[in-house]
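*Asks:* build me a model:
(one chain, ligands or ions: 1)
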Amino acid sequence: MINSKCKHYFNICFIPLSVIILFAISAINTTQANTIDLAQFEEGAIGHSIEYFQEKEIKLSLTEAQALFTNGVIKSGQSDSISLGIGVAPAWMKFTLVNNSMGQLNYRLAIETPWLDYIDTWLVHEEKVVRHIVGGDGYPFNQRPMPYKFYAFEQSLPPGITEVYIRVETKGPMAIPVRLSRVDKAIIRDITSAYQYGVLYGIMSALALYNLVLFVFIRQKEYGLYSLYLIGFVINSLSYTGQLHTLITPDYGPYFQDWLDISLMITYSIAGLHFARTLLQTSQYAAKLDRFVSKITIVIPTGMFIGFIFNQLFFSMILAFILNTCFVILFVAMGFFALKAKKPFAVIFLLSSVTAAICITISTLAVAGFLVPYNDYTFKAIEVGMAFEAILLAVILARQFRLAKMDKIIAEHYACTDTLTQLNNRRGFQVITQPVWQNIIRERRDVTIALLDIDFFKNINDQYGHQIGDKVLQQVAQCISNASRKGDICARWGGEEFIIFLPETSLTQATKQAERIRQVIEQLEVQIDNTLISVTTSIGLAGSENNKLNGAPLTLDSLESMINHADNALYYAKDSGKNQLHVANHQSSQQS
Ligand SMILES: Nc1nc2c(ncn2[C@@H]2O[C@H](COP(=O)(O)OP(=O)(O)OP(=O)(O)O)[C@@H](O)[C@H]2O)c(=O)[nH]1
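*Replies:* The predicted structure follows:
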């Protein structure tokens, strides 16, 4: 017991731990030098090589900033991404590039967060400003240094020393991951990145679409919410990685883009939380948590909307970050509660949510420049984690779908089966015979109905008791089933009465068949302790000859009248002394 529990928890922790180790290994490739020697530098984040300070109140000119870099209090970058908080004063950064070769070297400089509003870069060579590059998402797309998802520009660096000064001003999070790459390397990285995002978004979009189709046809909430969650995440990811604004909303301006970013951020969180509530049915065993989740998805968006009305981006942004953090924590919490309540799929859900939480934390810390190094792997950890989560959640939904289908099949089976005899019940008989009947009419075939009733059954009940009566019913049903042909449809019609539907059988052929069954039952001996009980049956038969019943061609409605004819024939058989077969159409009886 303990072992299997340990195994469960080990499973939950193993994959997230592997992910952490992977990222820790990837962290080794970081830049440490203060001055960058281009002969030994092809590409990478250069936060460790940056010196920086923040403006106090007055906007500084380049000359004033240069003076402060020489005489003022400056800090050295301690991580790959310089991170200073949300809504803080503009930052100045400086680093030095050394080209010891004889010729020009082509490099690209990129700041890989798309939400920095105003970025100015000055390249100073031999104490002269050789280029001033203006950009940031505060500018329309066509005014940016290059048509790229982030602030980026390319430059031929002459032999000697080039000092780079960057000023960044933004209302959003001041996370500044500066990356320097040789242009050829940057292009290869762009292509690789496009493929990686293509695969990630492809998987997630396919899952979203598939579940959307399921939702449209099945109308079960969790499929729709899951789909919304994934679509929301993909669009949000496109937006915060700058790709959405490059492709669709390039010229809508920073105001639109900022509000779109935070709206998308909460959309997928809300859909995700409601999806988890519905899937895990938390209201049944974690009512308080469930209510909290519901409330938070109403209160925070309302607060953000009020912030929007009063144009308080900072306020709404903080609320969006709170909701996003709650989303990660609550997802895991719901998984734990579900595991405690022994809900099906809780282990898989917890595994997926813990992995996603770890990956989201890795990406957030990497961009914030805290503990986790900033690199391609750590920046994309969030997408990898979410894709992993999306696949596991899809597995849960698929298994749930299969179980629901099996439940339906089982329910249908029970609805159509007589529990005592395991033959079809009246409903089962109607369900099964309906398509066969249609086929018979279409193909102008013959069919016969036999109604069987156990003789003096009340006496058996009275003499031996109801339980023994049940046993007799079971054995008679077994006899009928065994003696019938493969295509015949047998059912318990009610009480001690049975019906057999004999397709492709004319009345003449069926008479022989029914007589055989009557004889088999007559020979049956049900053993109760030391007593042997014998029973007989009376049988009424009605059927078609040359696809006609009483001279009229069979129609869709003739099944009911054929059963009525068989019932009348049975009555006649009973009335004529029982233990005999009577054929309705021929108005004659056949005495055993
Ligand atoms: N043990 C048992 N008895 C049942 C069940 N369903 C119906 N019966 C009994 O079957 C008996 C049918 O009695 P009757 O309709 O008088 O029929 P009969 O005694 O067979 O008389 P004839 O049909 O005229 O030969 C009743 O006593 C019912 O209670 C059942 O599921 N189990």
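*Asks:* how far does the longest helix along the chain sit from the chain's center?
*Replies:* Ranked by residue count under DSSP state H, the longest helix found in the chain is helix 376-416. When C-alpha coordinates are averaged (C-alpha atoms, centre = their mean, to the nearest Å), helix 376-416 and its chain have centres 6 Å apart.
*Asks:* swap in stretch 412-420?
*Replies:* Relative to the centre of its chain, stretch 412-420 is centred 34 Å away, using C-alpha atoms, centre = their mean.
*Asks:* identify the residues contacting that stretch?
*Replies:* Contacts of stretch 412-420 with the rest of the structure, by C-beta atoms under 8 Å, 6 or more residues apart in numbering, involve 423-425, 427-428, 431-432, 470, 473-474, 477, 491-492. C-betas here are computed from N, CA, C, even on glycine.
*Asks:* one more pass at 6 Å, please.
*Replies:* Identification of contacts with stretch 412-420 by C-beta atoms under 6 Å, 6 or more residues apart in numbering yields Asn424, Asn425, Arg427, Gly428, Val431, Asp470, Arg492.
*Asks:* next up, the contacts around the fourth one.
*Replies:* In this structure, Gly428 makes contact with Cys416, Thr417, judged by C-beta under 6 Å, 6+ apart.
*Asks:* let me know the helix or strand that it is in.
*Replies:* Assigned by DSSP states H and E, Gly428 belongs to helix 426-442.
*Asks:* for that helix, which positions count as buried?
*Replies:* Gly428, Phe429, Thr433, Val436, Trp437, Ile440, Ile441 (16 or more other C-beta atoms under 10 Å).
*Asks:* so where's the stretch 451-592 of the chain uncertain?
*Replies:* 585-592 (pLDDT under 70).
*Asks:* and it, which of its residues are near the ligand?
*Replies:* 453-458, 461, 466, 469-470, 473, 495-496, 574, 578 (C-beta under 6 Å from any ligand atom).
*Asks:* most neighbours, which of these?
*Replies:* Tallying neighbours with other C-beta atoms under 10 Å puts Leu473 at the head of these, with 24 neighbours.
*Asks:* flag every buried residue along the helix or strand encompassing that residue.
*Replies:* Using DSSP H and E, Leu473 sits in helix 466-483. Under the neighbour-count criterion of 16+ other C-beta under 10 Å, helix 466-483 has Ile468, Gly469, Lys471, Val472, Leu473, Gln475, Val476, Ala477, Cys479, Ile480, Ala483 buried.
*Asks:* which one among these gets closest to the ligand?
*Replies:* Gly469 (2.7 Å; C-beta to the nearest ligand atom).
*Asks:* now do the contacts for the closest one.
*Replies:* Listed by C-beta under 6 Å, 6+ apart, the contact partners of Gly469 are Ile460, Asn461.
*Asks:* so the longest helix of the chain versus helix 426-442, what angle?
*Replies:* Using axes from the mean of the first three to the mean of the last three C-alpha atoms, to 10 degrees, the inter-axis angle of helix 376-416 relative to helix 426-442 is 90 degrees.
*Asks:* list the residue ranges of this protein that fall below the pLDDT cut-off.
*Replies:* Ranges of the chain meeting pLDDT under 70: 1-33, 249-251, 369, 585-592.
*Asks:* got the residues of it near the ligand?
*Replies:* Counting by C-beta under 6 Å from any ligand atom, the chain sits next to the ligand at 420, 453-458, 461, 466, 469-470, 473, 495-496, 574, 578.
*Asks:* in helices only, show me those.
*Replies:* Those of the residues of the chain next to the ligand lying in helices (DSSP H): Phe457, Lys458, Asn461, His466, Gly469, Asp470, Leu473, Lys574.
*Asks:* with respect to Val354, which of the residues you listed is nearest?
*Replies:* Closest approach between those and Val354, by C-beta to C-beta: Asp470, at 53.9 Å.
*Asks:* ok now the strand or helix carrying Val299, how far from the chain's centre?
*Replies:* Per DSSP H and E: Val299 is located in helix 287-309. Distance of helix 287-309 from the chain centroid (C-alpha atoms, centre = their mean) equals 24 Å.
*Asks:* tell me which residue is most central in this protein.
*Replies:* Ala394 (3.5 Å; C-alpha atoms, centre = their mean).
*Asks:* I figured Leu212 was touching Ser227, is that so?
*Replies:* Yes - counting by C-beta atoms under 6 Å, Leu212 touches Ser227, with 4.1 Å between them.
*Asks:* so which of those two has more stuff around it?
*Replies:* Ser227 (23 against 17).
*Asks:* ok, now how distant is the more buried one from Met386?
*Replies:* 14 Å (C-beta to C-beta, to the nearest Å).
*Asks:* and this structure, what are its domains?
*Replies:* According to automatic domain parsing, the chain is divided into the following domains: 2-24+190-409, 32-187, 426-590.
*Asks:* picking that back up, where does the residue nearest to the residue nearest to the centre of the chain when sequence neighbours are not counted land in three-state SS?
*Replies:* The shortest distance from Ala394 to any non-neighbouring residue, by C-beta to C-beta, 6 or more residues apart in numbering, is to Leu207 (4.9 Å). Using DSSP: H, G, I helix; E, B strand; the rest coil, the three-state assignment for Leu207 comes out as helix.
*Asks:* which ones are touching Leu207?
*Replies:* Neighbours of Leu207 in contact, by C-beta under 6 Å, 6+ apart: Leu230, Ala390, Ala394.
*Asks:* list the contacts of whatever helix or strand Thr96 lives in.
*Replies:* In the assignment (DSSP H and E), Thr96 maps to strand 91-99. The set of residues external to strand 91-99 that reach it, using C-beta under 6 Å, 6+ apart, is 35-38, 49-54, 65, 69, 84, 105, 157, 159, 161-168.
*Asks:* can you check stretch 263-280 too?
*Replies:* Applying C-beta under 6 Å, 6+ apart, the contact partners of stretch 263-280 are 221-222, 225-226, 228-229, 232-233, 235-236, 239, 290, 293, 297, 301, 320, 323-324, 327, 331, 334, 338, 343.
*Asks:* centre of the chain to it, how far?
*Replies:* Here stretch 263-280 is found 12 Å from its chain centre; the criterion is C-alpha atoms, centre = their mean.
*Asks:* swap in stretch 88-96?
*Replies:* With C-alpha atoms, centre = their mean, you get 43 Å for stretch 88-96.
*Asks:* now do the buried residues in that stretch.
*Replies:* Within stretch 88-96, the residues that count as buried by 16+ other C-beta under 10 Å are Pro90, Ala91, Trp92, Met93, Lys94, Phe95, Thr96.
*Asks:* likewise stretch 299-319?
*Replies:* The neighbour-count check on stretch 299-319 (16+ other C-beta under 10 Å) flags Ile300, Pro301, Gly303, Met304, Gly307, Leu313, Phe315, Ser316, Met317, Ile318, Leu319 as buried.
*Asks:* which residues sit in contact with the last one?
*Replies:* To tie it back to what came earlier, the one meant is Leu319. Leu319 touches Ile300, Gly303, Met304, counting by C-beta under 6 Å, 6+ apart.
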